[in-house]
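>>> Structure, please.
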Amino acid sequence: MARLLISAAVLLAGFAGAWADTLLTEARILEVTERGFILQVGTEPLGVEDSVATRLWKGCVPVKRDAFAKGEAVFARIKPETDPPTLREMADLATWKWLDRVRREPQKAVIDKIDSKYMTVRLEDGRTFAFRATDKSQVKLKNEPNATLGSLKAGMQVYVKGRLLPTLDTWLALVSDAPIESTTKSASSKAAPKKLEPLPSSGKIEGTVLALLDTLRMFDVLMGSRALHITYNLETKFFYEGRPAKFDAVKRDRRVLVHYKRDKAGRLVASKVELFPPGAP
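Numbers count the residues shown, from 1 in each chain. Take a look at the predicted model:
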């Protein structure tokens, strides 16, 4: 079954600023409809609609909706607060990993072409990718101190560093003819991340409410540096300061104690949710 794969880093980044209403999740296509898809998220079906702005990827290239079929495993970027939820981006799993790497890490490439909006490059793996180039894109060339985008020509070997924009374009933050240091790699080399132990099949989770996804009957809890998806159902009991409450008592930044049990899909399903004001012990 499809499993939610939202890490603490993704959640903390995903619910800030322009990404405040974005859900990133692994899913399986149940149906391809006239206006979008029915996705299986965890064990629940979720109907999403695409638009002219939706980015669809398969085999590491942009595709149209008919490239996807029932039963395929995908990774999706969804705006759950709309009705129905809006599909902003979707890709097969291998392509999503590739996209994430290209968008985050410096890449060695050869310039394929440059136009008024994009610089298209051929990466070392032979695939092409278009970076959104603007006047604010930084250009560094060894023999040209005041280099600009106009200094770049097709066929040049370069190193590129991108940054994902709210439009889902990948902005060309830096292009250079010398290797670009990876900030992600340098940060990880200073201190190896501590491996998170899997939670037991049942127990309690204490933390702070991070985000609400009522459309999907979910909310997110930050437990230390770890962000967790919590699913609720009609049998879940809610309490606020010891008194019976409804789901609307779940508000961002409130302290929470969740009594949970894993279901067959591996989801953390709450049986009891105890809520307290922010800062409460």
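
>>> CA atoms for contacts and neighbours, from now on please.
OK.

>>> Can you tell me what sits against the lengthiest helix in the chain?
Ranked by residue count under DSSP state H, the longest helix found in the chain is helix 93-104. The contact list for helix 93-104 (C-alpha atoms under 8 Å, 6 or more residues apart in numbering) reads 57-60, 73-75, 90, 161-164, 170.

>>> got it, and stretch 65-77?
Residues outside stretch 65-77 that contact it (C-alpha under 8 Å, 6+ apart) are 2, 22-32, 36, 56, 58, 87-93, 96.

>>> hang on, the earlier thing: turn the contacts of helix 93-104 into CSV, including neighbour count and distance to Leu149.
As requested, those are arranged in CSV below (neighbours: other C-alpha atoms under 10 Å; distance: C-alpha to C-alpha, whole Å):
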residue, neighbour count, distance to Leu149
Trp57, 22, 28
Lys58, 18, 30
Gly59, 14, 29
Cys60, 18, 26
Ala73, 21, 39
Val74, 22, 36
Phe75, 22, 34
Met90, 25, 31
Lys161, 24, 14
Gly162, 22, 15
Arg163, 18, 17
Leu164, 17, 19
Thr170, 22, 16
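
>>> Look through this protein and tell me its longest strand.
strand 202-213 (DSSP state E).

>>> Who does it pair with, and is each partner parallel or antiparallel?
Note on strand 202-213: by DSSP bridges, its sheet partners are strand 218-223 (antiparallel), strand 255-262 (antiparallel).

>>> Please enumerate the helices of this protein.
With DSSP H as the criterion, the chain has helices spanning 8-14, 93-104, 183-190.

>>> Where among these is average confidence lowest?
When the helices of the chain are ranked by mean pLDDT, helix 8-14 comes last with a mean of 35.

>>> okay, and the helix or strand of the chain with the least pLDDT?
helix 8-14 (a mean of 35; mean pLDDT, DSSP states H and E).

>>> follow-up on the earlier one: let me have the strands paired with strand 202-213 in a markdown table, extended by mean pLDDT and distance to Ala147.
Below are those laid out as a markdown table (pLDDT from 0 to 100; distance: least, C-alpha to C-alpha, whole Å):
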| stretch | mean pLDDT | distance to Ala147 |
| --- | --- | --- |
| strand 218-223 | 88 | 45 |
| strand 255-262 | 94 | 52 |
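
>>> Now tabulate those in TSV and tack on distance to Pro145 and mean neighbour count.
As requested, those are arranged in TSV below (distance: least, C-alpha to C-alpha, whole Å; neighbours: other C-alpha atoms under 10 Å):
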stretch	distance to Pro145	mean neighbour count
strand 218-223	46	21
strand 255-262	53	21
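
>>> Can you say which of the ones you listed is nearest to Pro200?
Ranking these by proximity to Pro200 (C-alpha to C-alpha) places strand 255-262 first, at 8.2 Å.

>>> Could you give the separation of the closest one from the chain centroid?
Here strand 255-262 is found 24 Å from its chain centre; the criterion is C-alpha atoms, centre = their mean, to the nearest Å.

>>> before we move on, what about stretch 33-42?
In terms of C-alpha atoms, centre = their mean, the centre of stretch 33-42 is set 18 Å apart from its chain centre.

>>> What are the buried residues along that stretch?
Using 16 or more other C-alpha atoms under 10 Å as the test for burial, stretch 33-42 gives 36-42.
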